[in-house]
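Peer 1: only the shape, not the letters, is given here:
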């Protein structure tokens with residue numbers, strides 16, 4: 001497979017942006033439509049990152065606690081009862 005030769009970082013970033021335009025198909029949109037599309041996309045990505053940051057650790061902790069109980073691990077309540 002042929003590798004792309006990039007001279008500078010800005011050339012590489014411009015190539016990535018061009019690929020983004022081609023893959024999403026927004027190269028055919030007007031500039032104001034592109035800005036709206038990019039704003040909505042940025043907002044959705046920001047919300048996904050935020051909810052992942054807030055809720056994934058909680059769900060992971062609950063899942064670990066559940067599976068520890070299922071597979072015979074002692075829970076925090078059992079440890080306090082024994083001491």
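Peer 2: Yep, it's here. All figures in this text were calculated on a predicted structure; none of them were measured in a lab. Residues are numbered from 1 along each chain as shown.
Peer 1: give me every residue that touches the closest residue to residue 38 other than its chain neighbours.
Peer 2: Nearest residue to residue 38 in three dimensions, chain neighbours excluded: residue 26, at 7.8 Å (Cβ to Cβ, 6 or more residues apart in numbering). Heads up, the C-betas are built off the backbone N, CA and C, glycines and all. Applying Cβ atoms under 8 Å, 6 or more residues apart in numbering, we find residue 26 in contact with 33, 34, 37, 38.
Peer 1: as a markdown table, the residues you listed with distance to residue 6 and neighbour count would be great.
Peer 2: Below are the contacts of residue 26 laid out as a markdown table (distance: Cβ to Cβ, whole Å; neighbours: other Cβ atoms under 10 Å):
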| residue | distance to residue 6 | neighbour count |
| --- | --- | --- |
| 33 | 29 | 11 |
| 34 | 24 | 15 |
| 37 | 26 | 14 |
| 38 | 23 | 14 |
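Peer 1: where does pLDDT dip in this protein?
Peer 2: 1-4, 73-83 (pLDDT under 70).
Peer 1: list the contacts of the spatially most central residue of it.
Peer 2: Per Cα atoms, centre = their mean, the C-alpha nearest to the average position across the chain is that of residue 49, at 5.5 Å. Not one residue lies near residue 49 by Cβ under 8 Å, 6+ apart.
Peer 1: which helix or which strand is home to it?
Peer 2: Here residue 49 sits within helix 31-70, counting by DSSP states H and E.
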